[in-house]
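Trainee: I would like the atomic coordinates for the input below:
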Amino acid sequence: MKELYEHLADEFFETQMNLLQVPARRQMAKLNRGEQFVLHYLMTHEQAAHPGELSRSMVVSTARVAALLGAMEEKGLVARRADPLDNRQIIVTLLPAGLRAIQAIRTQVRGTVVGLLEKLGPEDAREYLRIQKKIASLVK
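Mentor: Take a look at the predicted model:
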């Protein structure tokens, strides 16, 4: 039985490499790093978070997050200020320009994903999503 799963794992690796060429997958990958990750995270978490929370979620150093937030602050996408509940902490908030930017990105990505799911057809699209959700639940 282990040989079967080893063979399937090899197929999985090859498939994952091929999926890197799918436009929807490339766009989604951008949402998982850098500025887009921070904007998306803030939009989906009450538009505010502590830098340490972002660091843990992104699995990067706090120094990397600080540099990223500095660049984003200069662009007017986010603001850093003292946390009103704990003045020793900094809280990052999403500014209107940041919200508009991530909404535009999500709209574009959604359109690409819709096109991909349409090509799969309703039954395969539902099955694909069911399996993705199952995989996600296994790592929680």
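
Trainee: Distance from stretch 21-31 to the middle of the chain?
Mentor: Distance of stretch 21-31 from the chain centroid (CA atoms, centre = their mean, to the nearest Å) equals 10 Å.

Trainee: whoops, I mixed them up, stretch 115-132
Mentor: From the chain centre to the centre of stretch 115-132 is a distance of 20 Å (CA atoms, centre = their mean).

Trainee: repeat for stretch 65-80
Mentor: Using CA atoms, centre = their mean, the offset of stretch 65-80 from its chain centre is 18 Å.

Trainee: and if you look at stretch 109-126?
Mentor: Taking the mean of its C-alpha atoms, stretch 109-126 sits 19 Å from the chain's own mean (CA atoms, centre = their mean).

Trainee: And stretch 52-60, by the same measure?
Mentor: 12 Å.

Trainee: Quick check: buried residues in it?
Mentor: 54, 55, 58, 60 (16 or more other CB atoms under 10 Å). C-betas here are computed from N, CA, C, even on glycine.

Trainee: Can you pull out the residues in contact with it?
Mentor: Residues outside stretch 52-60 that contact it (CB atoms under 8 Å, 6 or more residues apart in numbering) are 33, 37, 38, 41, 61, 62, 64, 65, 69, 92.

Trainee: Let's see which of those residues end up in helices.
Mentor: 37, 38, 41, 62, 64, 65, 69 (DSSP state H).
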